[in-house]
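Asker: Below are the sequence and a predicted model for it; my questions follow.
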Amino acid sequence: SQTIHQWPATLVQPVGSPLSLECTVEGTSNPNLYWYRQAAGRGLQLLFYSVGIGQISSEVPQNLSASRPQDRQFILSSKKLLLSDSGFYLCAWSIRAMNTEAFFGQGTRLTVV
Amino acid sequence: AQKVTQAQTEISVVEKEDVTLDCVYETRDTTYYLFWYKQPPSGELVFLIRRNSFDEQNEISGRYSWNFQKSTSSFNFTITASQVVDSAVYFCALSEAYGGATNKLIFGTGTLLAVQP
């Protein structure tokens, strides 16, 4: 069966520090991968998605970047965190077919102080 | 423009009551998909259901049921005989067919359901 792992679960980082969140998927090949952010107020916003290694699409301009160095690995990064980067970050995967459901990791709660 | 509206921010019920969570969507596409997810306090989003725009039949799964009405652009979710374990934030989401295989989901802002014992 497929599983998705996301870490760390919680993170407190000072303003201006770098960020690296990692997500890996097991039990499937060629998945679509996604990073969502959930800010206070609970809405989820799609930040990045990837349909293959090295292929990254950004949905919103921001202080973050994403990379997909391996088929089942998705990394969210920042060179210098801002206070506004605080939130709950969720990684997700789906099979590469139209309009299928996405499956989510357990999330990373990031607090920038 | 595509949009999902969940007007109910918070709902509180007593155990065993039935509760309906509303979802209204906007899309320019004639082919689209609708989803419901549950987010328990642990934070992970749990997939509940996917429904395509050509299938307006209501669906029942145990205590859960979904009412899809294209005429009112609504995809409402009812929990029958609610239980404390149903307490969570529930999200409705939309995916448009023209997005191809990218499966980008547009989420509503969620409804926090609190089921009191």
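Answerer: That came through fine. The structure displayed is predicted, hence computed values, not measured ones. Numbering: from 1, shown residues only, chains lettered A, B, ... in the order given.

Asker: From here on, just use CA atoms for contacts and neighbour counts.
Answerer: OK.

Asker: tell me the pLDDT at the closest residue to residue B:40 other than its chain neighbours?
Answerer: Leaving out its chain neighbours, the residue that sits closest to residue B:40 by CA to CA, 6 or more residues apart in numbering or on different chains is residue B:88, at 4.4 Å. Listed pLDDT for residue B:88 reads 97.

Asker: go on, residue A:62?
Answerer: Model confidence at residue A:62, given as pLDDT, is 80.

Asker: Quick check: it is in a strand.
Answerer: No - counting by DSSP: H, G, I helix; E, B strand; the rest coil, residue A:62 falls outside a strand, being coil.

Asker: now the strands for chain B?
Answerer: Taking DSSP state E, the strands of chain B run over residues B:3-5, B:10-14, B:19-21, B:24-26, B:32-39, B:46-52, B:59-61, B:64-69, B:74-79, B:88-96, B:106-107, B:111-116.

Asker: Pick the most buried one from these.
Answerer: Among the strands of chain B, strand B:88-96 has the highest mean neighbour count (mean count of other CA atoms under 10 Å in any protein chain shown), at a mean of 25.

Asker: ok, and what's touching that one?
Answerer: A:99, B:3-4, B:6, B:23, B:25, B:27, B:29, B:31-41, B:103-114 (CA atoms under 8 Å, 6 or more residues apart in numbering or on different chains).

Asker: what residue ranges in the chain score low on pLDDT?
Answerer: Going with chain A. In the predicted model, chain A carries pLDDT under 70 at residues A:41-42.

Asker: Chain B is the one I meant
Answerer: Along chain B, the parts satisfying pLDDT under 70 run over B:97-102.

Asker: and it, which residues reach chain A?
Answerer: Within chain B, the positions lying close to chain A (CA under 8 Å from any CA of the partner chain) are B:32-33, B:35, B:42-47, B:50, B:95-97, B:99-110.

Asker: Isn't residue B:9 up against residue B:114?
Answerer: No - contact criterion CA atoms under 8 Å: residue B:9 and residue B:114 do not qualify, at 11.2 Å.

Asker: Among the strands of chain B, which comes closest to residue A:24?
Answerer: With CA to CA, the closest approach to residue A:24 among the strands of chain B belongs to strand B:46-52: 17.6 Å.

Asker: quick one, strands of chain A?
Answerer: Going by DSSP E, chain A shows strands at A:3-7, A:10-13, A:19-26, A:32-38, A:44-52, A:55-58, A:65-70, A:73-78, A:87-94, A:103-104, A:108-112.

Asker: Need those in CSV (columns: mean neighbour count).
Answerer: Shown next, in CSV, are the strands of chain A (neighbours: other CA atoms under 10 Å in any protein chain shown):
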stretch, mean neighbour count
strand A:3-7, 18
strand A:10-13, 13
strand A:19-26, 19
strand A:32-38, 24
strand A:44-52, 22
strand A:55-58, 15
strand A:65-70, 18
strand A:73-78, 21
strand A:87-94, 26
strand A:103-104, 22
strand A:108-112, 20
